[in-house]
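>>> Prediction below, plus the sequence it came from.
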Protein chains: 2
Amino acid sequence: MTETLPVTDRSRLRRLHERGHFDRATINSILDAQPMCSVGYIIDGKPFVTPTLQWREGNHVYWHGSSASRALRNSRDAQVCLSVAILDGFVLARSGMHHSVNSRSVTLFGTASKVEDPAEKLDKLGRFVNGLFPGRYEGLRPDHAQDLKATMVLGMEISEGSAKMRTGGPVDEEEDYDLPIWAGVIPVHTSVGKPIPDPRNIKDVPMPDHVRSFRL
Amino acid sequence: MTETLPVTDRSRLRRLHERGHFDRATINSILDAQPMCSVGYIIDGKPFVTPTLQWREGNHVYWHGSSASRALRNSRDAQVCLSVAILDGFVLARSGMHHSVNSRSVTLFGTASKVEDPAEKLDKLGRFVNGLFPGRYEGLRPDHAQDLKATMVLGMEISEGSAKMRTGGPVDEEEDYDLPIWAGVIPVHTSVGKPIPDPRNIKDVPMPDHVRSFRL
Ligand SMILES: Cc1cc2nc3c(=O)[nH]c(=O)nc-3n(C[C@H](O)[C@H](O)[C@H](O)COP(=O)(O)OP(=O)(O)OC[C@H]3O[C@@H](n4cnc5c(N)ncnc54)[C@H](O)[C@@H]3O)c2cc1C
Ligand SMILES: Cc1cc2nc3c(=O)[nH]c(=O)nc-3n(C[C@H](O)[C@H](O)[C@H](O)COP(=O)(O)OP(=O)(O)OC[C@H]3O[C@@H](n4cnc5c(N)ncnc54)[C@H](O)[C@@H]3O)c2cc1C
Ligand code: HEM
Ligand code: HEM
């Protein structure tokens, strides 16, 4: 398995291509940092985008939902585009055009396939739960057969796509640096608040480590 | 102008439809809370998704980029899907299937149009900057004519689409509430860090209020 994705006509960055990355290490680090993603697919020749959660296992990315989901049914065995974007900050420059954002993003292209084998599907769902909350899956009420039947897991090989990143301060026109304009970066972070126990938790059930130390 | 969007075949929520909203007030509040969005469009019959920033003015939504942008050129006068999604928390239940996220999201459909008139384009870009950073635009180095020429602004009427929201704790099967499993919500927030002034700012330029009090 090569460590760098091929640059295809679909994935070649044309705008600010110096911000582009095709190595798996960069792509994987962004996928692993943000489960929320947007999946693009087509129904009747028109574009649709659905926000969902992705998880990665090796060189594949997965997402899940109802077996009856319109998004999943129209993504299955079809071309999709999966996008993850993380906003790291606003970049304020001395002219409008040089404003920007610091960000990390990944765009993946391919054909989504349904995970057909029930044991494999169960394994993927367990890894999804444990990927977010290590060790949680084994402590849950085991899935009912009908829950698993009602669930579709789609997967896609990470074989075509790109990452794009911007970091650092504003880059202005040389002559604009003398202007009395505040320029700089406003960082943006995602943070996790204090866990809120369900009032119906049974008495004295301890807060697990995977909740207490959850970070995004 | 009606206060509620029509429910079309494209925008009708089939899954968990009780979480759906079609009133403009809800849709607008989500668009206004999160500038980051994902735009879906089609090239050669294949789906593409591009992360970008949107801003709203009345019943229109706008986004911008290079006049040469592949995303914008293929969205212009074409069907697009614009999606905004905000992750508010992870919902941990007593069984795998009842895990969820708290979230607010909007999906909009329509045909994107280029803002052709140069004065109107300038006005839209100024509102974009000032929408994020009130009063900033007028203090910037005025845009060069070539900067404006290099910029495309696309707009779309908010006329077809939906919002979806989930709040609150887990909802489990009645018989599972007796299990000794920690259930609850882990809230997720977006926060803004301490602004980082550009080292090349001229001496004593004050940090403006629109930076100091910026919130997302
Ligand atoms: C942060 C986040 C994470 C999510 N994670 C998952 C996940 O892991 N698995 C999962 O199955 N679902 C997830 N969802 C919900 C997902 O976006 C869909 O709502 C759901 O999958 C149903 O899809 P569908 O195509 O079957 O919906 P349908 O109800 O068939 O969609 C029909 C129409 O309803 C509207 N609609 C559907 N979803 C949304 C939405 N989210 N916002 C606004 N309008 C909408 C659109 O107009 C759409 O065209 C997540 C949503 C958010 C915001
Ligand atoms: C949070 C965020 C906000 C942004 N806001 C704006 C904005 O307001 N205006 C704006 O013009 N752009 C914005 N961008 C950048 C935007 O996503 C595109 O990279 C840019 O607009 C160029 O688009 P294009 O279609 O012309 O790119 P091209 O370079 O022609 O795209 C060709 C290929 O490059 C790859 N590619 C392009 N963009 C990305 C990406 N972001 N991540 C991974 N791969 C990519 C894809 O494979 C794509 O098919 C933002 C990005 C992020 C992450
Ligand atoms: C707060 C205000 C603004 C923000 C946050 C912002 C953000 C961005 C971002 C993130 C990009 C993409 C860069 C990339 O591809 O990596 C971009 C591109 C661009 N923006 Fe803006 N922008 C702002 C205002 C403006 C204004 C006012 C103009 C015009 C006067 C403008 C003109 C452009 C142009 C021409 C590009 C394309 C650059 C290129 O691909 O070469 N922007 N903007
Ligand atoms: C941490 C783990 C999980 C999270 C965060 C999660 C999150 C979600 C979210 C956000 C939805 C969309 C709900 C909506 O449309 O509003 C969803 C739907 C669904 N999930 Fe999960 N999920 C998880 C684990 C699982 C597991 C393990 C299963 C199966 C055993 C499962 C089965 C389903 C099914 C069947 C649906 C469709 C519900 C419906 O539309 O009626 N999920 N999930």
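In hand now; what should we look at? Quantities reported herein were computed from a predicted structural model and do not represent experimental measurements. Ligands and ions are numbered 1, 2, ... in the order given.

>>> Could you please name the strands the lengthiest strand in chain A pairs with and the direction of each pair?
Using DSSP state E to define each element, chain A has its longest strand at strand A:79-92. Paired neighbours of strand A:79-92 in the sheet (DSSP bridges): strand A:36-43 (antiparallel), strand A:100-111 (antiparallel), strand A:184-192 (antiparallel).

>>> Among these, which comes closest to A:Gln146?
strand A:36-43 (25.4 Å; CB to CB). Any C-beta I mention is one placed from the backbone N, CA and C, and that applies to glycine too.

>>> Quickly check: that closest one near ligand 1 or not.
Yes - judged by CB under 6 Å from any ligand atom, strand A:36-43 and ligand 1 are in contact via A:Met36.

>>> Show residues contacting that strand.
A:47-54, A:63, A:70-71, A:74-75, A:78-85, B:10, B:38, B:40, B:42, B:45-49, B:51, B:81, B:83, B:85, B:87 (CB atoms under 8 Å, 6 or more residues apart in numbering or on different chains).

>>> how about a cut-off of 6 Å?
Here strand A:36-43 makes contact (CB atoms under 6 Å, 6 or more residues apart in numbering or on different chains) with A:48-52, A:54, A:74-75, A:80-84, B:38, B:40, B:47, B:49, B:83, B:87.

>>> and if you look at stretch A:152-163?
A:8, A:11, A:20-22, A:26-27, A:30, A:59-64, A:67, A:72, A:75, A:106-110, A:112-113, A:115, A:121, A:124.

>>> Which of the residues you listed fall in helices?
A:Thr26, A:Ile27, A:Ile30, A:Leu72, A:Ser75, A:Lys121, A:Lys124 (DSSP state H).

>>> so the third one makes contact with A:Val106?
Yes - taking CB atoms under 6 Å as the contact criterion, A:Ile30 and A:Val106 are neighbours in contact, 4.7 Å apart.

>>> Ligand 2 contacts on chain A?
Residues of chain A lying near ligand 2 (CB under 6 Å from any ligand atom): A:10-15, A:85, A:87, A:101, A:103, A:105-107, A:161-164.

>>> Need the pLDDT of the most far-flung residue of chain A relative to its centre.
Ranked by distance from the centre of chain A (CA atoms, centre = their mean), the top residue is A:Asp178, with 40.3 Å. Looking at A:Asp178, its pLDDT is 97.

>>> what about the closest residue to it other than its chain neighbours, distance to A:Tyr177?
Leaving aside its chain neighbours, A:Asp178 sits nearest to B:Ile202 (6.7 Å; criterion: CB to CB, 6 or more residues apart in numbering or on different chains). Counting by CB to CB, to the nearest Å, the gap from B:Ile202 to A:Tyr177 is 8 Å.

>>> In chain A, where is pLDDT below threshold?
Scanning chain A for pLDDT under 70 picks out the ranges A:1.

>>> any idea how far ligand 2 is from A:Cys37?
12 Å (CB to the nearest ligand atom, to the nearest Å).

>>> Ligand 1 contacts on chain A?
A:Met36, A:Phe48, A:Thr50, A:Pro51, A:Thr52, A:Leu53, A:His64, A:Gly65, A:Ser66, A:Ser69, A:Arg70, A:Ala71.

>>> What are the phi and psi values at the closest residue to ligand 3 within chain A?
Closest approach between chain A and ligand 3, counting by CB to the nearest ligand atom: A:Gly96, at 2.7 Å. Dihedral angles of A:Gly96 (phi, psi; degrees, to the nearest 10) stand at phi -60, psi -50.

>>> one step back: and the residue nearest to A:Asp178, how many neighbours?
Applying other CB atoms under 10 Å in any protein chain shown, we find 13 residues neighbouring B:Ile202.

>>> Let's verify the closest residue in space to A:Arg70 that isn't next to it in sequence: helix, strand, or coil?
Residue nearest to A:Arg70 in three dimensions, not counting chain neighbours: B:Arg14, with 6.1 Å by CB to CB, 6+ apart. Secondary structure assignment for B:Arg14 (DSSP: H, G, I helix; E, B strand; the rest coil): coil.

>>> how near is B:Arg14 to ligand 2?
In terms of CB to the nearest ligand atom, B:Arg14 sits 29 Å off from ligand 2.

>>> Equivalent analysis for A:Ile43, please.
21 Å.

>>> quick one on the thing from earlier: so which residues make contact with the longest strand of chain A?
With CB under 6 Å, 6+ apart, strand A:79-92 has contacts from A:30-31, A:34, A:37-41, A:100-109, A:112, A:170, A:183-188, B:36, B:38, B:46-49, B:51.

>>> For the residue in chain A that ligand 4 sits nearest to, grab the count of nearby residues.
Nearest residue of chain A to ligand 4: A:Ser66, at 3.4 Å (CB to the nearest ligand atom). Using other CB under 10 Å, A:Ser66 has 15 other residues around it.
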